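K.L.:
give me a model of this one.
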Amino acid sequence: MIQDFKGKTAVLTGAGSGFGLECARIAARRGMNVVLVDIQADALAAAEAEIKALGARTMARRVDVSKPPVMELLAQHVKEEFGAPHFVFNNAGVGAGGLIWENTVKDWEWVLGVNLWGVINGVRAFTPMMLEAARSDPAYQGHIVNTASMAGLLTPPNMGIYNVSKHAVVALTETLYQDLKLVTDQISASVLCPYFVTTGIHQSERNRPADMPAAELTPSQRIQQAMTDKATGSGKVSAADVANKVFDAIEHDQFYVFSHPKALGNVTAVTKGQIVYMPADTYTNEGIQTYTEFLNSFADALEAAKQS
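P.N.:
Numbering: from 1, shown residues only. Just a heads-up that it's a prediction; the model follows:
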């Protein structure tokens, strides 16, 4: 939806690492003003220094995206400094796994707070001012990208809390796209659905709030952590590759953005053969197993974990 990025403003959450940082780098190189948002202070400071060194006019804010008043204040600061943004990337995310009944209330509050409410808050805070800008300026163009996951299209076992959050983001963004089309042709939306890519999300516990302490990991949660570490660490597609896809989608008003388009075959296969994706070899068909195969191997791993 945006063809000329120079002089435009980008707001990116989760900008201290992964997709957020890579998109910030592209935005800076294309001459955009860059608003960096992250919860991790040291990563945010490093990102700010790097983006400033690229010559971009930069604002950095340490923000908990799960808090509506904080996001509303961020939007106010952005508007005062740059006016309405043109590109909003609701990207901040955390991960959690394990058998779904073993997740604590604090687990649910944390994951849904960042992954879902972070997107809700970003949409609510920035969309109205973008629409106002569009009404005031026929040349204004805007685009909102929300980060979901292939886990928003598939429902692999032992990842329930994460699956729920990402399915909700897909639904939210599909609705946002259609709602925008009802009222304007100047603003559009995309949903990013990456597979396993090295971004730092598998180390999310480093940013878990002190008032939402984690309980001792269960065997199923330890297994999921190990599997996620392996999958994200063996990726052949980089966060930089995905960031380039995001900007291509913005330029061509492409709604779905997939890091691994071939993985869409897994979505169809679920309806036909009850298969589930698991990272035996993350990016080949060897990573597709039947539920029976997965559950048998999972049961063996769970039993071994209990005995260790």
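K.L.:
number of nearby residues for Gly7?
P.N.:
Using other CB atoms under 10 Å, the number of residues around Gly7 comes to 11. Yep, even glycine has a C-beta here, placed from its N, CA and C like the rest.
K.L.:
repeat that for Phe255.
P.N.:
13.
K.L.:
i'd like the first residue to be 473 from this point on
P.N.:
With the count now opening at 473, the last piece we talked about shows up as Phe727.
K.L.:
which helices and strands does the longest helix seen in the chain pack with?
P.N.:
Taking DSSP state H as the assignment, the helix of the chain that covers the most residues is helix 632-655. When contacts are defined as 3 or more CB pairs under 8 Å, 6 or more residues apart in numbering; DSSP states H and E, helix 632-655 packs onto helix 577-584, helix 590-608, strand 614-619, strand 659-665.
K.L.:
which residues of the stretch 523-672 of the chain score low on pLDDT?
P.N.:
Within the stretch 523-672 of the chain, the stretches with pLDDT under 70 are 668-672.
K.L.:
returning to that earlier point: could the helices and strands packed on helix 632-655 go into CSV alongside distance to Gly570?
P.N.:
Listed next are the helices and strands packed on helix 632-655 as CSV, based on distance: least, CB to CB, whole Å:
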stretch, distance to Gly570
helix 577-584, 8
helix 590-608, 21
strand 614-619, 22
strand 659-665, 22
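K.L.:
what residues does stretch 474-485 touch?
P.N.:
492, 495-496, 499, 502-510, 535, 537, 546, 550, 554-564, 590, 594, 598, 613-615, 722-723 (CB atoms under 8 Å, 6 or more residues apart in numbering).
K.L.:
which ones among those map onto strands?
P.N.:
Among those, the members found in strands (DSSP state E) are 505-510, 559-562, 614-615.
K.L.:
out of those residues, which two sit at the greatest distance?
P.N.:
Within the ones in strands among the contacts of stretch 474-485, Asp510 and Gly614 form the most distant pair, 22.2 Å apart (CB to CB).
K.L.:
run a quick neighbour tally on the residue nearest to Lys653 when sequence neighbours are not counted.
P.N.:
For Lys653, ignoring the flanking residues on the chain, the nearest one in space by CB to CB, 6 or more residues apart in numbering is Ser660 at 7.8 Å. Residues within reach of Ser660, counting by other CB under 10 Å, total 22.
K.L.:
got the contact list for Phe730?
P.N.:
622, 665-667, 717, 736 are the contacts of Phe730 under CB under 8 Å, 6+ apart.
K.L.:
can you put those in a markdown table and add neighbour count and distance to Pro685?
P.N.:
Below are the contacts of Phe730 laid out as a markdown table (neighbours: other CB atoms under 10 Å; distance: CB to CB, whole Å):
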| residue | neighbour count | distance to Pro685 |
| --- | --- | --- |
| Met622 | 21 | 30 |
| Cys665 | 26 | 31 |
| Pro666 | 27 | 28 |
| Tyr667 | 25 | 30 |
| Lys717 | 19 | 36 |
| Leu736 | 15 | 38 |
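K.L.:
can I get these in a markdown table including distance to His639?
P.N.:
As requested, the contacts of Phe730 are arranged in a markdown table below (distance: CB to CB, whole Å):
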| residue | distance to His639 |
| --- | --- |
| Met622 | 11 |
| Cys665 | 11 |
| Pro666 | 15 |
| Tyr667 | 15 |
| Lys717 | 21 |
| Leu736 | 16 |
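K.L.:
what sits against Phe554?
P.N.:
481, 505, 507, 529, 531.
K.L.:
which residues sit against the helix or strand that contains the last one?
P.N.:
Under the criterion DSSP states H and E, the helix or strand holding Met531 is strand 530-534. The contact list for strand 530-534, computed with CB under 8 Å, 6+ apart, reads 500, 505-511, 513, 516-517, 519-520, 523-524, 546, 549-550, 553-554.
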